[in-house]
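S.K.: next come a sequence and a model predicted from it.
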Amino acid sequence: MTERATPVSAESRFQRPPTPPGFDRSRAAERAADPRGWRYDEEVREVVYRVIAERRDIRRFRPDDVAREVLDRVLEAAHRAPSVGLMQPWRMIVIRSLDTRIAVRTLAQRERMRQADRFDQRARQFLDQKIEGIVEAPLGVCVCCDHGDPSVEVLGRGTIPETDVYSTACAIENLWLAARAEGLGVGWVSFYRQEDLRALLGIPEGVDPIAYLCLGWPDERPERPGLEAAGWSARMPLSEVVMEERWRGAANAPDTALPGGTGPDRAAAIRARDRLDELVKPAGSLGALEPLIERWAQITGAPPPARLRAGVLVCAGDHGHVNHGTSLFDATVTAQVAAAAARGETAIGVLCERGGHELIVADLGIAGPTPAGVRAAKVASGTADMTSGAAITPAQLDAALAGGAELARELAAGGVDCLVLGEIGIGNTATTAALIGALTGAPPELSVGRGSGLDAAGLERKRSVVAAALARHGASLPAREALLAVGGLELAALSGATAEAARLRVPVLLDGYAATVAALAAVRLDPAVAEVLIASHRSAEPGHRLALEELGLEPLLDLRLRLGEASGALLALPLIEAAGALHREMATFEESGVARNASRPL
């Protein structure tokens, strides 16, 4: 922490502006002092739980009217339901007309008779379930789900389109609980065909009637659910419906802690977040830097330090498929570039020298002899052709994973603050595209890019090679099978290094496409590895976006790089240092003499 100026007197302090209505007025210190401070007092909590416990499905109603203000409160409660992406898909039709209610009862009677035979010996008991409440209750409420325009993207709905229906169900539950608190009865009628009710009420296409609810003052006050009282069914014990970690009877849940037995340091992340909340700035105004600071703290126990010294591991290897023309260059170039990098002549050498970082360029699978200055860690002289068989043998894979882990341990032992991963290898973007396809099912049209600068014909040739490899080995494979089938020795080593860094709680700053897909393979082998990953940038390779999405990582930079060698990752290090400096050296409101407004400020 830098030295602060003399404290400002109380008279000259700037009054911190009050929080506008509708915004969170709590402060980090307040929440830390009393994490349970948001709860209601005991008496109110008991009422909430009582309303939930005493909600009932009512079948018999009094004819008395429901006052408009009471109905409005109940409908407002429904409208305050949670909805994914705040889509608010519920639409409610309030029905007072006796003729309409009689027509709805007719639909229900007809459908009830159609369904009775499904219950065999229990058909008579099923028919005893009364539906006269449709007419007896002075009001009906048809709660519909408006699915909206399918071309409009809704936050949170992309992978589960049915969330609009689930959200509508939440509105129904809110209505029901509010009605119970008001002393109103609600009966849910489910004996109707949607198309019949849609036609009766003029509901348009694209809108589904989810529930028809009878609403009125109850002519019964049941102590327990009606179907339970009738012997139809009984409430199951809580232990029958609650399971731990995975479905009952499934295989044991994977260990989600980081290797070594400890999970993310959430206490450190929250401490970092608490300080961010107190800095002289609007909440969240540092954008993506704020979650970056928290993530670094949860990995290491503290925000990024003033000076970051990286351990840079660049693994090199060749690939058997280059004989199909998947690159502009032949395998001899891999050794030449690796040697130049080790001499400090390529981008990674320049950046390491400039930043004082520790660099290891390692030969995991160069086709020829290990060049001078390059660490000899050779597993084999390149991989086999993935289009004609497995690229790597099981023994080679184990050796590459172990070799990468050993190199990561060596760098970590030197006291580096993070591990930066990169690669050198002619043809490895084709291998990377095949690997992400084998891991996720991504097609070559989305995963294959121009690499070192292929023309249109070369790009098509590269795609056909990746497609042939995936056709031979399959897609959406387990990680180990995918690495054996289409992996590269340098990529496998990077996977091993990533896993070892996670075990040692060292942040891993990913470089480009290849390093990111290698990390994805490591995460598929052990999901806990994901907790130490930070994406430095998004490269020009189209498949890199897919890999980052699979990992759920947002890159810090987007410079359209396609160089590799960990160069993009080192360009992001100053940004991480700056984020740490802001967190550490900006003053808090208290330190800067900004007084807190009585109305609880921002």
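M.R.: Here it is on my side, so go on. Residues are numbered from 1 along each chain as shown.

S.K.: identify all contacting residues around stretch 58-72.
M.R.: With contact meaning CB atoms under 8 Å, 6 or more residues apart in numbering, stretch 58-72 is reached by 94, 129-133, 136-139, 182, 184-187, 214-220, 222, 226. From N, CA and C alone the C-beta is placed, and that goes for glycine too.

S.K.: tell me the buried residues within these.
M.R.: Among those, the ones that count as buried by 16 or more other CB atoms under 10 Å are 131, 133, 136-139, 182, 184-187, 214-219, 222, 226.

S.K.: identify those among these that sit within strands.
M.R.: 139, 185-187, 214-216 (DSSP state E).

S.K.: which one of the residues you listed is nearest Gly325?
M.R.: Taking CB to CB as the measure, Gly325 sits nearest to Val186 out of these, at 69.9 Å.

S.K.: the closest one: what's it in contact with?
M.R.: Each residue near Val186 by CB under 8 Å, 6+ apart is listed here: 57-58, 175-176, 179-180, 213-215.

S.K.: if any of those residues are buried, give me the PyMOL selection for them.
M.R.: Restricted to buried positions by 16+ other CB under 10 Å, the PyMOL selection for these reads:
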select buried, resi 57+58+175+176+179+180+213+214+215
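
S.K.: now the contacts of Val186 as JSON lines including distance to Pro21 and pLDDT?
M.R.: Below are these laid out as JSON lines (distance: CB to CB, whole Å; pLDDT from 0 to 100):
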{"residue": "Asp57", "distance to Pro21": "39", "pLDDT": "90"}
{"residue": "Ile58", "distance to Pro21": "38", "pLDDT": "91"}
{"residue": "Leu175", "distance to Pro21": "27", "pLDDT": "97"}
{"residue": "Trp176", "distance to Pro21": "30", "pLDDT": "97"}
{"residue": "Ala179", "distance to Pro21": "29", "pLDDT": "97"}
{"residue": "Arg180", "distance to Pro21": "30", "pLDDT": "97"}
{"residue": "Leu213", "distance to Pro21": "33", "pLDDT": "95"}
{"residue": "Cys214", "distance to Pro21": "38", "pLDDT": "95"}
{"residue": "Leu215", "distance to Pro21": "33", "pLDDT": "96"}
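
S.K.: including distance to Gly301, could the contacts of Val186 go into a markdown table?
M.R.: Output for the contacts of Val186, formatted as a markdown table (distance: CB to CB, whole Å):
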| residue | distance to Gly301 |
| --- | --- |
| Asp57 | 53 |
| Ile58 | 56 |
| Leu175 | 48 |
| Trp176 | 47 |
| Ala179 | 51 |
| Arg180 | 49 |
| Leu213 | 53 |
| Cys214 | 58 |
| Leu215 | 56 |
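
S.K.: of the contacts of Val186, which is the nearest to Ala78?
M.R.: Minimum distance to Ala78 across the contacts of Val186 is 3.8 Å, recorded for Leu175 (CB to CB).

S.K.: who does the helix or strand that contains the closest one touch, helix- and strand-wise?
M.R.: Applying DSSP states H and E as the criterion places Leu175 in helix 163-182. Under the contact definition 3 or more CB pairs under 8 Å, 6 or more residues apart in numbering; DSSP states H and E, helix 163-182 sits against helix 42-53, helix 68-79, strand 90-95, strand 139-146, strand 185-189, strand 207-216.

S.K.: and the second one, what's its mean pLDDT?
M.R.: Across helix 68-79, pLDDT averages out at 97.

S.K.: cool, and the fifth one?
M.R.: Mean pLDDT, strand 185-189: 92.

S.K.: kindly report the same for the fourth one.
M.R.: Strand 139-146 shows a mean pLDDT of 96 in the predicted model.
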